[in-house]
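Chemist: fold the following, please.
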Amino acid sequence: MSNLLQKYLAKANEAVEHVTTSVIIEGDEWSVRKLNLLDSRACLKMAEKDGDFDALKYSDARIVKATEHAFPWNDKELLKAYKAKDKYDLPARLFKNNPEGYKALLGAVEELSKDTPETEEEAIDELKN
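Modeler: Here you go, the predicted structure:
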């Protein structure tokens, strides 16, 4: 077995340390995690429909992906209370009266993920360098 193969087989089982930061919104601490490549790609896919890109849906998806380790976006009672169709519909509804809170979360996501490649081309370019 090649050294390269052994290296990546070993990496598959390594524990991943997530880079996180905290944001205080209305006195509550929100934990925001850096998005990885797969998270970023999933957010892009959610925001693209029929060749069109929905920047708002993209932002909502990024907030959910970056905070779902610490916040129950998929809680049935929460979804029902805010009349959200799914967890990705919830951020805008949850923060409809607090746009500054929404902006704070999105800002933390962007700050942590600014060096994460979002497309396959960016990832390939990063690996080449």
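
Chemist: contacts, neighbours, all on C-alpha from now
Modeler: OK.

Chemist: you'd agree Ser31 is in a helix?
Modeler: No: in this structure, Ser31 is strand, not part of a helix, as judged by DSSP: H, G, I helix; E, B strand; the rest coil.

Chemist: surely it and Thr21 touch.
Modeler: Yes: taking contacts as Cα atoms under 8 Å, Ser31 lies within contact range of Thr21: 5.9 Å.

Chemist: between these two, which one's more packed in?
Modeler: Legend: neighbour count by other Cα atoms under 10 Å for Ser31 and Thr21, higher for Ser31 (18 against 15).

Chemist: find the nearest non-adjacent residue to the more buried one, please.
Modeler: Using Cα to Cα, 6 or more residues apart in numbering and skipping residues adjacent in sequence, the residue nearest Ser31 is Ser22, 4.7 Å away.

Chemist: backbone phi and psi for the one you found, please?
Modeler: Backbone dihedrals for Ser22, given as degrees, to the nearest 10, come out at phi -120, psi 150.

Chemist: so who does it touch?
Modeler: Residues counted as contacts of Ser22 (Cα atoms under 8 Å, 6 or more residues apart in numbering) are Glu29, Trp30, Ser31, Val32.

Chemist: who wins for neighbours among the residues you listed?
Modeler: Looking at these with neighbours defined as other Cα under 10 Å, the largest count falls to Val32 at 26 neighbours.
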